[in-house]
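Enquirer: When you get a sec, could you give me coordinates for this:
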Amino acid sequence: MRLLSIKALSPPKHLFLIRFGGVATTLLLLTSSAYGLQWETKQIDWFSLGMTLCGGLALFLAGLDMLSDGLKKAAGNALKVLLARMTNNRCLGAITGALVTAALNSSSVTTVLVVSFITAGVMTLQQSVGVIMGANIGSTVTAQLLAFNVSAYALLLVAIGFFMTFTAKTEGIRHLGEMVMGLGLVFFGMAIMSQAMTPLREFEAFMNFLKTMEKPPLGILAGAIFTGVVQSSAATVGIAIAMATEGLLTLPAGIALALGANIGTCVTALLASIGKPVEAVRAAVVHIFFNLLGVLIWLPFIQQLVYLSLVISPSETAADIPRQIANANTLFNCINTLLFIGFTRYFSLAAVKLVPDRPQKEGIIIEPKFLDNAALTIPAVALELVRKEFGRMGHIATTMLSELPYAISEKDQLHIDTIVFQDDKIDILEAAIFQYLSRIRQLPLTEEESKLHQDLMTATVNLETLADVVERQISQLAKKFIAHEQDISKKTNQLFLELYKEIHGSVELAIAAIRDDNQNAALRVIRKQRTVNDLTEKIFTRKAERLGRDQKTKLEAARIEISLVDKLQRTYNLACQIARVVVPAPVQRKSVRRI
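Expert: Sure, this is the predicted structure:
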C-alpha cells in the first residue's frame, strides 16, 4: 500500500492521535484475539496502515477545527445575539440550538455556550433544554455534508481556501477562506482514511470483526468510546462514512456507531462542567439524559430506523450507504427532539433533583459570576460575559457612591466603613476581569473584537479608579467633615444634593452604556457636562461669598467642602471616560460642540 507523506497540519490538541493510532491498532488486535480471529500480518503493513489512518484522522479533525474557527469568527456576534434573545418558546429554542450547532459544527460547544448563558442569567435551565435538544439536530449537518463525498475535489478546496485566506483584504473573505480550506482538509482527511482502509476489504478476519458491529449494543458501545476519546461525534460519523464508502461497513453497523457517537459527545460537556457552577453540571446532565434516553428507546428499533433510512434514500449499492447513515442519524435526532420537546420542564426538574444547590463558600469576599472559561471557545461570547461582569462591578461602585450622602448627613462612620469594604470587592473583580481579558487576547480576534477588548480594558481601569476616588479621597473627606462638626447651610446642602444626583446618575448611565452597549446612555453622560459644571461653579461662588462676608466661617470647613466638590467632579470625569468608550469619536465631537 502506498503511503502518503503528510506534513503536520493539525493543531497541537490533535497531536495525540499519533499515539492513539498505535493504541487503537493494539486494541483491534486484542479484540480480534478475543473473537478467535487470526490476523495475517504478512499481507498488510499494519504500521503503515495505522500511521496513514491516524494521519487522515488528524487532517480530518484539523479541518473541522479550521472550519469551525472560520464560522465562529464570521458569525460570532450573530450567534451571541441569537442565543441571548432566547424566549420561553421551547420549539424556537430547539430551532436556535440546531442553527447555532450547524454553524459551530459542534453540539458540545453549543452546550458549553448554553452553560455560560445560564450562569450569566441570560436564560434559564428549562429554556436551555430545548436548545440542547436542537443542538443534536444541528450536529447532523456535518454528517450530511460528509455524505456528499467530494474527496476528489478536496485539494482544490484547500488551494482555493489557502489563496482566499492569505490574499484577502477584508476579514469576511479571510474567514470564508478558512471555512473553505477547512472543508477541503475534512474531505482530504476522509480520502486518506478511505485509502488506508482499502486493503482491509479483502481481509476476512477484519470483515468478520466488523460484522459484530451490526449487533446494536456492540456498535453503540464502540461509537460512544471512540467519540469520547476524540471528543468529536463528527469524527466517528466521518470514519463510519469512510468505511461504508469502501464497502467495509453495513448500514446497521454504521447506524449503531452513529447512535453511539450521540452518547460519546456528552463526554465533552461533562468534562467542561467539572469544577464549574451547579448550572453547568445540570446542563451537562440534561445533555446526557436526552441522548442516553433517546438511544435506549431506539435500541429495539434499529431495524425500523434502517428501513426508514432506506425509504428516504433507496439504493441497491454500497456507494449509497454513507447517505443512508447520515439520513438515519438525522432521523434519529429529529424524531427524538419531537418526542421529548414537550417534556423540557421534567428534564430540568430531574437535573435539579440530581444536582442540588451547593452550600455557599465560606471566607470568600467575592468571586466572578459570569467569567466562564468555557465561553472562551467563541471570543464574541466571552467578551459579552466581560460586559456582564463589568456591570456587576459597576453596581458595587454605585453602591459605594450611594453611601456618601448618608455618611455626610447622618455623620455616621459605619457608612464610610461600608464604602471601604465594597472597594475590596471592586479590586478582586478588576483582577479577575483583567485575567480573563488576557486569556481572550491570546485567541484569534477579529478587528471588531480587538477594539472591544481594548475598550473593556479601558473601561475597567477607569471604573476601578473611580471606586478608588470614592474610597480613598471622598470617604476620607467625609471623615474630616464628620470630625469637624460643621453644618452645611440649607442652600449649599441643596446644591450639593443636586450635584450628587447628577454624578450618581452619570455613573449609573456610564456602567449601563458598557454593560448593554448602549450609546444613548453614554451620550446622556457626556451631555451632563454643562449641568455639572454649572452646579460646581455655583457651589464655589457661594463658598467664596460666605467667606467674604462671614468672618466666623471656619476656613478648614470651606476647604473640606471645596475639596469634596472637586472630587465629585473628578468622579464625573471618570464616568465620562467610561462612557466615551462606547460612543464613536465623530459623535463625541458633535456632542461636545453642542455643550
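
Enquirer: Mind listing what's buried along stretch 63-78?
Expert: 63-77 (16 or more other Cβ atoms under 10 Å). Quick note: C-beta positions are derived from backbone N, CA and C, even for glycine.

Enquirer: can you check stretch 270-278 too?
Expert: Buried residues in stretch 270-278, defined by neighbour count with 16+ other Cβ under 10 Å: 270, 272, 273, 276, 278.

Enquirer: out of those residues, who's nearest residue 378?
Expert: residue 272 (13.5 Å; Cβ to Cβ).

Enquirer: How confident was the prediction at that closest one?
Expert: With respect to pLDDT, residue 272 has a value of 67.

Enquirer: Equivalent analysis for residue 361, please.
Expert: If you check residue 361, the pLDDT there is 64.

Enquirer: This protein: strands as residue ranges?
Expert: Along the chain, no stretch is classed among the strands by DSSP state E.

Enquirer: what's the closest non-adjacent residue to residue 514?
Expert: In this structure, residue 514 finds its nearest non-sequential neighbour in residue 459, 5.0 Å apart by Cβ to Cβ, 6 or more residues apart in numbering.

Enquirer: ok, so what distance separates the one you found from residue 513?
Expert: According to Cβ to Cβ, to the nearest Å, residue 459 and residue 513 sit 9 Å apart.

Enquirer: Give me the common contacts of those two.
Expert: Residues touching both residue 459 and residue 513 (Cβ atoms under 8 Å, 6 or more residues apart in numbering) are 578, 581.

Enquirer: Go through the buried residues of stretch 63-78 and flag which are in helices.
Expert: Judged by DSSP state H, those include 63-77 as members of helices.

Enquirer: Identify the farthest-apart pair in these.
Expert: Within those, 63 and 77 form the most distant pair, 24.3 Å apart (Cβ to Cβ).

Enquirer: List the contacts of the closest residue to residue 528 other than its chain neighbours.
Expert: Counting by Cβ to Cβ, 6+ apart, residue 528 lies nearest to residue 506, which is 5.4 Å off, once chain neighbours are set aside. For residue 506, the contact set (Cβ under 8 Å, 6+ apart) comprises 525, 528, 532, 572, 575, 576, 579.

Enquirer: Pretty sure the fourth one sits against residue 503.
Expert: Yes - with contact defined as Cβ atoms under 8 Å, residue 572 and residue 503 form a contacting pair (4.7 Å).

Enquirer: Identify the contacts common to these two.
Expert: Shared contacts of residue 572 and residue 503, counting by Cβ under 8 Å, 6+ apart, come down to residue 532.

Enquirer: So for stretch 295-309, first residue to last residue, what's the gap.
Expert: One end of stretch 295-309 to the other measures 17 Å (Cα to Cα, to the nearest Å).

Enquirer: Identify each buried residue in that stretch, please.
Expert: In terms of neighbour count (16+ other Cβ under 10 Å), stretch 295-309 has its buried residues at 295, 298, 302, 305, 306, 308, 309.

Enquirer: my guess is the third one contacts residue 257, does it?
Expert: No - with contact defined as Cβ under 8 Å, residue 302 and residue 257 do not form a contacting pair (11.6 Å).
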